[in-house]
Structure formats: C-alpha cells, structure tokens
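S.K.: Got a sequence here, can you model it:
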Amino acid sequence: MPASPNETQIGVRIGLSVVIIALRGHQAVVLTTHAPDGASALPFGPFDPVKDRTFELALRDFVAQQTGFPLGFVEQLYTFGDMGRASPRATPGPVGAREVSVGYLALTTGSHADTGHDARWTPLFDIFPWEDWRKGPPALLDTLRTHLLDWVAQDAKRRSRAEALFALSPDARWNEEKVLERYELLYEAGLVAEAARDNERDAAILLNDLPMASDHRRIAATALGRLRSKLKYRPVLFDLMPDEFTLSSLQAAAEAISGLSLHKQNFRRGVERTALVSATGRFATDTGGRPAELFRYAGPDINGASAPGLTLPGQR
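M.R.: This is a model prediction of the structure:
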C-alpha cells in the first residue's frame, strides 16, 4: 500500500559485523580491517534480502572476501540499531535510511594465519587498555579517575556508576564482565575518540587507545563482555586453544581473555574438578624450563549445553 502524503518512508539498511577473537602468544587479538576513511574496523558487510539466503551465509562470504579468513563457529551477539550509525558497506538503501547491524562473535585458533588481505590481528587491550588488570590496576586508571571525577561533579548517580564500573573507591570490586558498560560510560563522559568524532569536537584526553569506525568499538566491547561471562559457564576457552596445550598456556589464555591475573594452584584445581582436560602422556620441551605435560580437551562437544566452564579463582 503506498504511503500517504503525510507519511514519511524511511528505508532500513542491514549490515553484518563480526568480532573474531584468537590468541597470539599471551595476548587476545581481534581481526580488524579498515573502513574507507582508514579507521580501524571490524569485518563488516551488507545483507542482501534478495540474494542472501541467511545472515550467517552472507557473513561468511564477505568475511572471506574482505580478510581471506574462513569463519568457523559463530554465534549472534546483538542487533545494533542506534540512530545515526552509518557504514558504506551496509545494504544499499535510500538516503537517510536507518542502519541496523547484526553483530556476531567468532572464536578461532587461527591467529597465526597470514590473511593476505586488508586485515590484521589487533591486540584487544590496544582497543580497551583499561580492561587489562593482569599486572594490577592499569597505569591509565589514574588519568581516567581524574577526568571521570571532573565529569561526575556533584551528580550522585554519575559518581555511583563511575565508582562501581571502574573500581574507583577502596571498597569497589572490579567486575571484568562490565566491558560494554565501561565503554558506554567513557563515551557518555566524552573520554573516547568516538564521542569527540560524533559530536564534531576535539578529544578531551589521549588514552593511547585505538578508536574504531562507526560503533564498532561498542560491538567489540559487547563481544568481550559476553566472552568473559561465558568463560564461567561454558568451555569456550578451548575454542581458542590448539589440540594439545600445557596447563600454563591454558591459564595464560584465561588471563588474556579475562584481563585478570589468576592464582596458579587454584586455577589448576578448578580445571581438574571440571574433568574437561586429560593428560596425553607427552611433554612440551619449548617451555624455557622443565618439560611441561601436554593436555587435550576431553569434555563433551565444546558447544554442548551440559559442558561446564572454568572458574576464575581470584588474582594471585
């Protein structure tokens, strides 16, 4: 039925984006590419409702084309549709169309692969440096504290949020899962480059962090928070591990994702209680010290609902 003269037709452009996380050394990394303006971006492309049979098939096709990287297991994260988002890679539509992006999370062991395309593996803590507490509170937290308290002023609600999310008060506990909430608070306070860009003004401070195109850093924050949460109730960490690994490398992987420094003996006892790993009888000799025993994942299917996660037993 055609619109009446008093009705405004607003089209919808559909885009798909994916946060592909892997491990490189003792760092969590994410596959990034570049937006047309040169800004760092997640792999992102259009969904064509006429040509594409499913969102996931469209996602797999354009990620392979953009990055040369074949996707394995993916899960849908969230649908992002805030007013004002825009990307030249979304489905073509009328000028001023509302853009909706469906975000996905993918985990892989393939960070060693050379994509040969406009893509690179970027450390997650380059994008979110305030999320790395493996050596205690990050150095930039003092800078953030100063600027957040200036922003808070006399607003009790702002103060409560800032203190809780960034553990600013002595009795506040750092909650590693609140990645998205922390990024959104920094955006609201005007302390990340995207806020300055979207409001056409200069950045308030320099955090030595990596801004991203459109709202891609918000999507990446959603993915990291989701993954940190899932560590505790699903064996997703093994999606990032090679077929055989030492318990030290498994702990380093958990620390690289959670951003926490974990107690070695408690972590190992937790792994043993889950019965998710079994010894291979072989030893790694490239550990720089005594040979370490190699283990393999021995639980049910990684994506099975009955498989437990790993406990994160406090900081050492």
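S.K.: from here on, contacts and neighbour counts on C-alpha atoms
M.R.: OK.
S.K.: Help me confirm that Thr280 comes into contact with Leu294.
M.R.: Yes: with contact defined as Cα atoms under 8 Å, Thr280 counts as touching Leu294 (5.8 Å).
S.K.: These two: who's more crowded?
M.R.: Higher neighbour count among Thr280 and Leu294: Leu294, with 20 against 12, using other Cα atoms under 10 Å.
S.K.: did I read that right, Val100 in a helix?
M.R.: No: under DSSP: H, G, I helix; E, B strand; the rest coil, Val100 sits outside any helix and is assigned strand.
S.K.: Could I get the contacting residues of it?
M.R.: 12-15, 79-82 (Cα atoms under 8 Å, 6 or more residues apart in numbering).
S.K.: State whether Ile20 is indeed within a helix.
M.R.: No: read with three-state DSSP, Ile20 is strand and lies in no helix.
S.K.: measure it to Arg53 for me?
M.R.: 22 Å (Cα to Cα, to the nearest Å).
S.K.: Likewise for Pro235?
M.R.: Distance from Pro235 to Arg53, counting by Cα to Cα: 31 Å.
S.K.: what's the answer for Leu247, then?
M.R.: Distance from Leu247 to Arg53, by Cα to Cα: 42 Å.
S.K.: So which of these two has more stuff around it?
M.R.: Per other Cα under 10 Å, whichever of Leu247 and Arg53 has more neighbours is Leu247, with 19 against 11.
S.K.: Val277 pairs with what?
M.R.: Note on Val277: beta-bridge partners by DSSP bridges are Tyr297.
S.K.: Settle this for me: it is touching Gly299, isn't it.
M.R.: Yes: using Cα under 8 Å, Val277 makes contact with Gly299 at a distance of 6.7 Å.
S.K.: for the residue positioned nearest the centre of the chain, what are its contacts?
M.R.: By Cα atoms, centre = their mean, the chain has its centre lying nearest to Leu224, at 3.1 Å. By Cα under 8 Å, 6+ apart, Leu224 lies in contact with 177, 179, 257.
S.K.: and it, that's in a strand?
M.R.: No: per three-state DSSP, Leu224 lies outside any strand segment and is helix.
S.K.: any idea how far it lies from Lys230?
M.R.: For Leu224 relative to Lys230 (Cα to Cα), the value is 10 Å.
S.K.: same deal with Phe283?
M.R.: 30 Å.
S.K.: got it, and Ala164?
M.R.: As judged by Cα to Cα, Ala164 and Lys230 stand 22 Å apart.
S.K.: For the stretch 101-250 of the chain, which segments count as strands?
M.R.: 120-123 (DSSP state E, counting those that start in this stretch).
S.K.: for Ala119, phi and psi?
M.R.: Backbone torsions for Ala119, taken as degrees, to the nearest 10, come to phi -150, psi 150.
S.K.: Quick check, pLDDT for the residue lying closest to it once chain neighbours are set aside.
M.R.: Nearest residue to Ala119, sequence neighbours excluded (Cα to Cα, 6 or more residues apart in numbering): Thr33, at 4.4 Å. We have a pLDDT of 91 for Thr33.
S.K.: got the contact list for the helix or strand hosting Thr33?
M.R.: Assigned by DSSP states H and E, Thr33 belongs to strand 27-34. For strand 27-34, contacts defined as Cα under 8 Å, 6+ apart pick out 19-23, 40-43, 66-67, 111, 118-125, 253, 256-257.
S.K.: which of the residues you listed count as buried?
M.R.: Buried members of these, scored by 16 or more other Cα atoms under 10 Å, are 19-23, 40-43, 66-67, 111, 119-125, 253, 256-257.
S.K.: circling back: residues that sit against both of Leu224 and Lys230, list them.
M.R.: With Cα under 8 Å, 6+ apart, Leu224 and Lys230 have no common neighbours.
S.K.: pretty sure Arg182 contacts Leu165?
M.R.: Yes: contact criterion Cα under 8 Å: Arg182 and Leu165 qualify, at 6.0 Å.
S.K.: which neighbours do those two share?
M.R.: Overlap of the contact sets of Arg182 and Leu165 (by Cα under 8 Å, 6+ apart) is empty.
S.K.: which stretches of the protein form helices?
M.R.: In the chain, the segments counted as helices under DSSP state H are 55-67, 124-127, 141-152, 156-166, 179-188, 193-198, 216-230, 247-258, 264-274.
S.K.: how about the ones you listed, which one is nearest Asp48?
M.R.: Closest to Asp48 of the helices of the chain is helix 55-67 (Cα to Cα; 8.0 Å).
S.K.: which secondary structure elements does the closest one contact?
M.R.: On a contact count with 3 or more Cα pairs under 8 Å, 6 or more residues apart in numbering; DSSP states H and E, helix 55-67 meets strand 12-24, strand 44-46.
S.K.: buried sites along that helix?
M.R.: 55-56, 58-63, 66-67.
S.K.: Could you do stretch 280-293 as well?
M.R.: 283, 292-293.
S.K.: which one of those residues is nearest Glu75?
M.R.: Distances from Glu75 to the buried residues of stretch 280-293, taken by Cα to Cα, are shortest for Glu293, at 32.6 Å.
S.K.: All good on my end, thank you.
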